[in-house]
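*Asks:* Structure for this input, please:
(chains A and B)
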Amino acid sequence: GEDVEQSLFLSVREGDSSVINCTYTDSSSTYLYWYKQEPGAGLQLLTYIFSNMDMKQDQRLTVLLNKKDKHLSLRIADTQTGDSAIYFCAESGAGNNRKLIWGLGTSLAVNP
Amino acid sequence: GAGVSQTPSNKVTEKGKYVELRCDPISGHTALYWYRQSLGQGPEFLIYFQGTGAADDSGLPNDRFFAVRPEGSVSTLKIQRTERGDSAVYLCASSPNRVATDTQYFGPGTRLTVL
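*Replies:* Numbers count the residues shown, from 1 in each chain, chains lettered A, B, ... in the order given. Got it, this is the predicted structure:
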């Protein structure tokens, strides 16, 4: 069945880069997403990538996709304390039904 | 404009009771999704509506769970004979579903606690 896996914890120093990794099993995944969830707040879409792309950059965020290995990563440059949150990887297929299959989330702690 | 809203924000109930959770999607969004997120977990898909019809209810855990969207806008998730294991945050998301790049917009969730 469909499965999305992430490492559970990451700790970095302020100003360093953070890299959060994700693997997925569904080869028909068309869209891959990164969401951010802060304590007591809703899910915020950070960025997404089509499966026919290798890379997408959006300001401090860089998404890399290795479709052959079904591996997705999110790099946050110049990580700030405000980036401390849980980051979820999710995938969906194409078509009208874009139900999201989610990983467990990676808890990012940014230390001053 | 207004985002996705969900009511109530918190619901505490006793085991065995019936609850209804409401989702108001963004106006004009034809697709509506329900997810639930247990503590320490990622969200889990429950059901997808396209318009008024439930196009995919494969994520509903059992027949105690039911959802409706009678006019293609507001949706209600109904849980009968609640169990302690139903305690979670129930999330609703809507999407325009017009073009390939349309994504889902999430509400703040309803935190359900079954005592």
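*Asks:* and the residue of chain B found nearest chain A, what does it touch?
*Replies:* Proximity of chain B to chain A (CB to the nearest CB) peaks at B:G42, 3.5 Å away. Bear in mind the C-beta positions are built from the backbone N, C-alpha and C, glycine included. B:G42 sits next to A:4, A:88, A:90, A:102-105 when contact means CB atoms under 8 Å, 6 or more residues apart in numbering or on different chains.
*Asks:* what sits up against the helix or strand harbouring A:S107?
*Replies:* If you go by DSSP states H and E, A:S107 is part of strand A:106-111. Strand A:106-111 is contacted from outside by A:6-14, A:18, A:20, A:76, A:79-81, A:83-89, using CB under 8 Å, 6+ apart.
*Asks:* Next: stretch A:52-69.
*Replies:* Contacting residues not belonging to stretch A:52-69 are listed as A:23, A:32, A:34, A:46-49, A:51, A:71-78 [CB under 8 Å, 6+ apart].
*Asks:* buried subset of those residues?
*Replies:* Neighbour counting with 16 or more other CB atoms under 10 Å in any protein chain shown marks A:23, A:32, A:34, A:46-49, A:51, A:72-76 as buried within the contacts of stretch A:52-69.
*Asks:* re earlier: give me the PyMOL select line for the contacts of strand A:106-111, limited to the buried ones.
*Replies:* This is the PyMOL syntax for the buried subset of the contacts of strand A:106-111, where burial follows 16+ other CB under 10 Å:
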select buried, chain A and resi 6+10+12+18+20+76+79+83+84+85+86+87+88+89
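*Asks:* and chain B, which of the contacts of strand A:106-111 reach it?
*Replies:* Near chain B, taking CB under 8 Å from any CB of the partner chain as the test, the members of those found are A:F88.
*Asks:* Looking at the contacts of strand A:106-111, which are in strands?
*Replies:* Among the contacts of strand A:106-111, DSSP state E puts A:6, A:9-13, A:18, A:20, A:76, A:85-89 in strands.
*Asks:* Make JSON lines from the buried ones among the contacts of stretch A:52-69 and add secondary structure to it.
*Replies:* Listed next are the buried ones among the contacts of stretch A:52-69 as JSON lines, based on DSSP: H, G, I helix; E, B strand; the rest coil:
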{"residue": "A:T23", "secondary structure": "strand"}
{"residue": "A:L32", "secondary structure": "strand"}
{"residue": "A:W34", "secondary structure": "strand"}
{"residue": "A:L46", "secondary structure": "strand"}
{"residue": "A:T47", "secondary structure": "strand"}
{"residue": "A:Y48", "secondary structure": "strand"}
{"residue": "A:I49", "secondary structure": "strand"}
{"residue": "A:S51", "secondary structure": "coil"}
{"residue": "A:L72", "secondary structure": "strand"}
{"residue": "A:S73", "secondary structure": "strand"}
{"residue": "A:L74", "secondary structure": "strand"}
{"residue": "A:R75", "secondary structure": "strand"}
{"residue": "A:I76", "secondary structure": "strand"}
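*Asks:* Which residues are in contact with the residue in chain A that chain B sits nearest to?
*Replies:* Proximity of chain A to chain B (CB to the nearest CB) peaks at A:W102, 3.5 Å away. Applying CB under 8 Å, 6+ apart to A:W102 gives the contacts A:4, A:88-90, B:42-44.
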